[in-house]
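*Asks:* please work out how this folds:
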Amino acid sequence: MKQRPLNIVAIGLISFAVIISSAILSDGYKYKFTSQETIATTGLAEKEFRSDLANWSVSFRRKAMSRTQGFAQLKKDAQRVKEYLISKGFKSEELIFSSIEADKSYLERREENKYGNYNYTQVFDGYNLSQSIGIETSNIELVEQTSREITELINEEIEINSSTPSYFYSKLEDLKIALIADATANATNRAKNIAEKSNSRLGALRQASMGVFQITGKNSSEEFSWGGVYNTTDINKKASITVKLQFGIN
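*Replies:* As a prediction, this is how the structure comes out:
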């Protein structure tokens, strides 16, 4: 009979422990649940800019039965092309001449034998010689204009070919860093707005990732690529980048 009070005390202690344990587990589950709640947003930044560097190349060729004769003719053509470019406003140091390429040319001759079969032989047809001039300059307008006019040299019997100029921007890394900052700010403001509208408070940043850097023509209809687009044909361009952020909420 003396053990009865002890049993009552033991039962009481056990009940109290169960209550305390339940409260602790409840708070732990609540903390775990709220800590997993996040807001994910994507920020976008765009900027239009103008190229400040141009790369352009022109090539010319000659065909001659003698390599010596071909070299002499091509040398005259090179001098004339150089004079033409300098007269347009290019600097001599902006013109980079490649080495001369000379390849033998052959014609295929077909002859029928007495059995009605054909024999094929190659007949030497002279040398094809070619050379190119690479041009790199910050004078964008000069390249744009001259690349359309240089075929005038065809009238002087110079077989010339003009490539499509490529336009670049020398401060691209600075532009990229500025766009990342703008896109990050844009994504953060969106997250803050979502948190405020849902009566929550924005917590710490948990995850951040950067999208692909895209450069397209200013008014072009180019489609973005997963690997990134880098337009070199337009002088006026538009750069864009996205940043994805994930925040906790309180």
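*Asks:* nearest spatial neighbour of Glu159, chain-adjacent residues omitted?
*Replies:* Sequence neighbours aside, Arg61 is the residue nearest to Glu159 in space, at 5.1 Å (criterion: C-beta to C-beta, 6 or more residues apart in numbering). C-beta coordinates here come from the backbone N, C-alpha and C atoms, glycine included.
*Asks:* for the one you found, list each beta-bridge partner.
*Replies:* Ser130, Glu159 (DSSP bridges).
*Asks:* let me know the pLDDT of it.
*Replies:* On pLDDT, Arg61 comes in at 96.
*Asks:* next up, the contacts around it.
*Replies:* Contact analysis of Arg61 by C-beta atoms under 8 Å, 6 or more residues apart in numbering lists Leu74, Asn128, Leu129, Ser130, Gln131, Glu159, Asn161.
*Asks:* can you give me the neighbour number for the second one?
*Replies:* Taking other C-beta atoms under 10 Å as the neighbour definition, Asn128 ends up with a count of 15.
*Asks:* quick one: stretch 70-78 to chain centroid distance?
*Replies:* Relative to the chain's own centre, stretch 70-78 is displaced by 39 Å; criterion: C-alpha atoms, centre = their mean, to the nearest Å.
*Asks:* for that stretch, buried residues please.
*Replies:* Gly70, Phe71, Gln73, Leu74, Asp77, Ala78 (16 or more other C-beta atoms under 10 Å).
*Asks:* just stretch 101-120 next, same as before
*Replies:* For stretch 101-120, a neighbour-count test (16+ other C-beta under 10 Å) marks Ala102 as buried.
*Asks:* what of stretch 172-183?
*Replies:* Leu175, Lys176, Leu179, Ile180, Asp182, Ala183.
*Asks:* can I get the buried part of the contacts of Arg61 as one PyMOL selection?
*Replies:* Remark: buried members of those, expressed as a PyMOL selection using 16+ other C-beta under 10 Å:
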select buried, resi 74+129+130+131
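*Asks:* export the contacts of Arg61 as TSV, with columns for distance to Glu93.
*Replies:* Putting those into TSV (distance: C-beta to C-beta, whole Å) gives the following:
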residue	distance to Glu93
Leu74	22
Asn128	30
Leu129	25
Ser130	23
Gln131	18
Glu159	26
Asn161	23
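*Asks:* where do the helices of the protein begin and end?
*Replies:* Secondary structure of the chain by DSSP state H: the helices cover 4-35, 67-88, 140-149, 172-197.
*Asks:* what is the shortest one packed up against?
*Replies:* Same thing as helix 140-149. Judged by 3 or more C-beta pairs under 8 Å, 6 or more residues apart in numbering; DSSP states H and E, helix 140-149 is in contact with strand 53-64, helix 67-88.
*Asks:* and the ones you listed, which is most packed in?
*Replies:* Comparing the helices and strands packed on helix 140-149 on average neighbours per residue, with mean count of other C-beta atoms under 10 Å, the densest one is strand 53-64 at a mean of 19.
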